[in-house]
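> Quick one, structure for this:
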Amino acid sequence: MKSKFSLLGLLLITLLTSFPLFAAPQVSATVSDNQVVKGDLFILTISVNDSDDDYQLDTRPLEQSFTVYRPSQSKRSEYINGDFSQQTTWQVRLQARELGKLTIPSLKIGDLSTQAIDINVVEAAQMPLSAEQQRIVFMENSIDKQDVYIGQSFILTTKLYISKNSNQLDLAAPQLEGAEVSVFGEDNNNQTVRNGIRYNTITRQYKIIPTTAGTFDIDSPLLTGTLRKVVAVSEWQNKVIADPINVRGERLSINVKAKPEDYQGEWLVSDDLRLLEDNDLSAQSYKVGEPITRSITLQIASIDKDKLPNIKLNYPKSLRVYPDQDQLDEGQANGLTYAVRTIRHAIIADTEGDLILPEITLNWFNSQTNQQETATLPAQTLTILPADKQAAITPIQQSSNQQAQPTIIVDDSALIYWQLAVAVLLFIMLLMVLYHLSFRRLQANNQKQQTLKVAPLNHHYLTLQNSFNKNSATATYSALLSFAQQQFPMIKSVSEFADKTALDQDNKQQLKDEIQWLQVCCSDPSQHWDAQKLAMLIQKHETTKTNKTTQDPMNLNP
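Now for the predicted structure:
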């Protein structure tokens with residue numbers, strides 16, 4: 001009997017030792033670095049030794065002090081040498097918004113809670129890149145001018161050198177207090193070799209227009225993202241992890257000069273300005289009532305084309321003027337970028353004699369010579385000849401007992417005007433008849449076919465609307481990212497979309513809040529999400545954008 005019990009005990013011990021002992025789930029939280037630069041990207045990693053779907057991460061407590069990006073989640077199960085393990089891992093990209101000592105608060109994952117983590121946030125100058133980091137990726141900045149005037153643009157060129165595979169790279173624009181900053185041109189991708197290392201290079205240029213005088217430091221563009229790094233898990237296994245990077249270039253200084261006190265007229269500063277007459281009108285002769293076509297071109301270096309000044313013609317009131325839509329263009333010459341305004345119009349003189357076209361002047365400040373100058377088109381004197389005249393009615397010989405009637409002379413130019421007026425009226429009447437007939441024909445076709453022609457719709461916008469109707473957070477996030485990148489190809493995440501929209505500041509903030517809540521709901525399906533407010537804000541953006549496009553004369557064909 002004892003042998004039977006011994007055998008049974010041995011069997012139970014074998015069974016217990018052959019299966020893993022299931023320990024209580026535990027959670028851990030770590031950061032990629034405890035000392036970070038304000039605005040730099042770092043990663044918070046949270047792990048649970050379980051893979052149950054009930055574990056959901058709530059990142060809302062982080063939003064008070066950090067910019068929070070959408071978490072990534074992974075699960076892993078292993079059975080090695082009789083040991084079975086499971087793990088669920090979240091990685092959250094964060095950016096600190098404040099300097100000093102900050103605390104990553106305790107976060108809830110189901111019934112579990114992480115420990116709080118203290119970090120130190122410093123200025124960029126306090127944390128230079130190590131030699132190893134500089135070898136992997138670095139940045140070079142330069143500007144084309146050291147001194148400019150208020151309103152005068154200059155170009156900052158950023159060149160990135162990257163020697164390892166990377167993904168999710170994002171280059172934030174440089175920062176200059178009291179200035180307008182925009183991307184200039186397109187990125188240039190290439191390869192180069194430095195110190196025996198081959199780098200992929202990305203060159204991006206920014207146009208900066210200062211609006212405040214003084215000496216300023218330009219904060220370098222910030223490159224954030226991840227590099228693919230291979231780490232050893234065991235003697236036989238490696239894995240690839242995302243290693244966060246934060247790269248800044250050298251901080252540059254710019255001296256912005258104020259408008260000179262003795263400058264006269266509207267402030268206009270440039271490296272070069274040219275005011276040109278495209279044809280010599282005085283070389284020809286014209287007649288009364290004959291249209292005279294005139295074309296004038298204004299070329300200004302280092303200025304946006306939407307800030308080109310208008311050209312004042314100062315024609316006499318007796319002259320009839322029929323202007324075309326101004327044509328706005330951009331071009332490059334002699335290492336400078338020019339904005340170009342071309343105005344074309346027809347003028348008609350109603351009286352014969354000398355017609356004086358007044359001179360055209362434009363005051364501007366030459367930043368090369370530091371002097372005010374005046375661009376001038378000299379006055380032109382045109383000779384206007386009389387219109388052709390002929391006797392429209394000849395005298396008729398009267399009978400001898402009657403007095404001959406006087407000869408009647410009709411001004412041929414007046415007759416031409418009357419003929420033109422009658423022709424225009426007949427043409428309008430013909431158009432009305434054709435329109436009436438075509439309208440009736442179209443109405444009949446519509447009744448037969450019962451079809452309506454509609455303008456083509458934006459596919460990305462339709463997909464987004466469908467996701468709103470389904471009230472699905474995950475489907476909306478994917479559709480919103482596609483919709484945002486279709487409108488703004490340079491953005492890398494949905495979080496950047498709000499600042500790019502045509503909404504006012506209040507609605508932009510509301511959109512940011514809704515996008516953040518959408519991201520939380522995507523990572524935590526237990527949270528309730530309602531698409532109504534986000535749909536309303538997207539509709540406001542579309543309406544505002546359409547109105548601005550319709551009202552913008554730059555979108556009209558000349």
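> Without its sequence neighbours, what residue ends up closest to the residue minimising distance to the centre of the chain?
Per Cα atoms, centre = their mean, the C-alpha nearest to the average position across the chain is that of residue 488, at 5.9 Å. Among residues not flanking residue 488 along the chain, residue 500 sits closest, at 4.7 Å (Cβ to Cβ, 6 or more residues apart in numbering). Where C-beta positions appear, they are placed from N, C-alpha and C, glycine not excepted.
> Can you tell me how far that neighbour is from residue 364?
Residue 500 sits at a distance of 33 Å from residue 364 (criterion: Cβ to Cβ, to the nearest Å).
> neighbour count winner among these two?
More crowded of residue 500 and residue 364, by other Cβ atoms under 10 Å: residue 364, with 21 against 14.
> right, and the more buried one touches residue 266 too?
No - between residue 364 and residue 266 there is no contact under Cβ atoms under 8 Å: 9.2 Å.
> ok so, going back, let me see the contact set for the residue nearest to the centre of the chain.
Taking Cβ atoms under 8 Å, 6 or more residues apart in numbering, we find residue 488 in contact with 496-497, 500.
> my read: residue 74 touches residue 89, true?
Yes - here residue 74 reaches residue 89: they are 5.1 Å apart, a contact under Cβ under 8 Å.
> Filter the contacts of residue 488 down to the ones in helices?
If you go by DSSP state H, these have 497, 500 in helices.
> Pick the one among the contacts of residue 488 closest to residue 314.
Comparing the contacts of residue 488 against residue 314 with Cβ to Cβ places residue 500 closest, at 41.9 Å.
> returning to that earlier point: ok, now how distant is the residue nearest to residue 488 from residue 487?
From residue 500 across to residue 487, the span is 7 Å (Cβ to Cβ).
> List the buried residues for the top strand by length along the chain?
The residue-count maximum for a strand in the chain (DSSP state E) belongs to strand 179-194. By neighbour count on 16 or more other Cβ atoms under 10 Å, the buried set for strand 179-194 is 179, 181.
> Now do it: which elements does it pack against?
Contacts defined by 3 or more Cβ pairs under 8 Å, 6 or more residues apart in numbering; DSSP states H and E place strand 179-194 against strand 154-162, strand 197-210.
> which neighbours does the next helix or strand after the first one have in its sheet, and in what orientation?
To tie it back to what came earlier, the one meant is strand 154-162. Counting by DSSP states H and E, the next helix or strand C-terminal to strand 154-162 is strand 166-172. Paired strands of strand 166-172, with direction, are strand 222-232 (antiparallel) (DSSP bridges).
> So for the strand it pairs with, mean pLDDT?
Averaged over strand 222-232, pLDDT sits at 75.
> Stretch 61-76 now?
Here the average pLDDT along stretch 61-76 is 82.
> pLDDT below threshold where in the stretch 151-300 of the chain?
166-167, 231-242 (pLDDT under 70).
> For the protein, just list every one of the helices.
Assigned by DSSP H, the chain shows helices spanning 2-18, 131-136, 412-449, 459-470, 473-487, 497-500, 505-523, 532-551.
> Output the shortest one as PDB - backbone C-alpha positions only.
In PDB, the C-alpha atoms belonging to helix 497-500 read as follows (Å, rounded to 0.1, in the frame of the first residue of the first chain):
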ATOM      1  CA  PHE A 497      -3.300  68.000 -38.300                       C
ATOM      2  CA  ALA A 498      -5.100  70.500 -36.100                       C
ATOM      3  CA  ASP A 499      -2.400  73.200 -36.500                       C
ATOM      4  CA  LYS A 500      -2.600  72.900 -40.300                       C
END
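> Kindly check the end-to-end length of stretch 264-279 for me.
Distance between the two ends of stretch 264-279: 30 Å, counting by Cα to Cα, to the nearest Å.
> If I take the longest strand of the chain and strand 154-162, what angle do their directions form?
Strand 179-194 and strand 154-162 meet at an angle of 40 degrees, taking axes from the mean of the first three to the mean of the last three Cα atoms, to 10 degrees as the criterion.
> Check what contacts strand 179-194 and list those residues.
Residues outside strand 179-194 that contact it (Cβ under 8 Å, 6+ apart): 155, 161, 173-175, 198-212, 216, 490.
> tilt between that strand and strand 197-210?
In terms of direction (the same axes, to 10 degrees), strand 179-194 departs from strand 197-210 by 160 degrees.
> partner strands of strand 179-194, parallel or antiparallel?
strand 197-210 (antiparallel).
> Keeping just the C-alphas, turn the strand it pairs with into CSV.
Written as CSV, here are the backbone C-alpha positions of strand 197-210 (Å, rounded to 0.1, in the frame of the first residue of the first chain):
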residue,chain,number,x,y,z
ILE,A,197,31.0,56.5,-43.4
ARG,A,198,28.3,56.6,-46.0
TYR,A,199,25.4,58.8,-45.1
ASN,A,200,21.9,59.3,-46.6
THR,A,201,21.4,63.1,-46.7
ILE,A,202,18.2,65.1,-46.6
THR,A,203,18.4,68.8,-47.3
ARG,A,204,15.4,71.1,-46.5
GLN,A,205,15.2,74.9,-46.7
TYR,A,206,13.0,77.3,-44.7
LYS,A,207,12.0,80.8,-45.7
ILE,A,208,12.0,83.1,-42.6
ILE,A,209,10.6,86.6,-42.6
PRO,A,210,11.3,88.5,-39.3
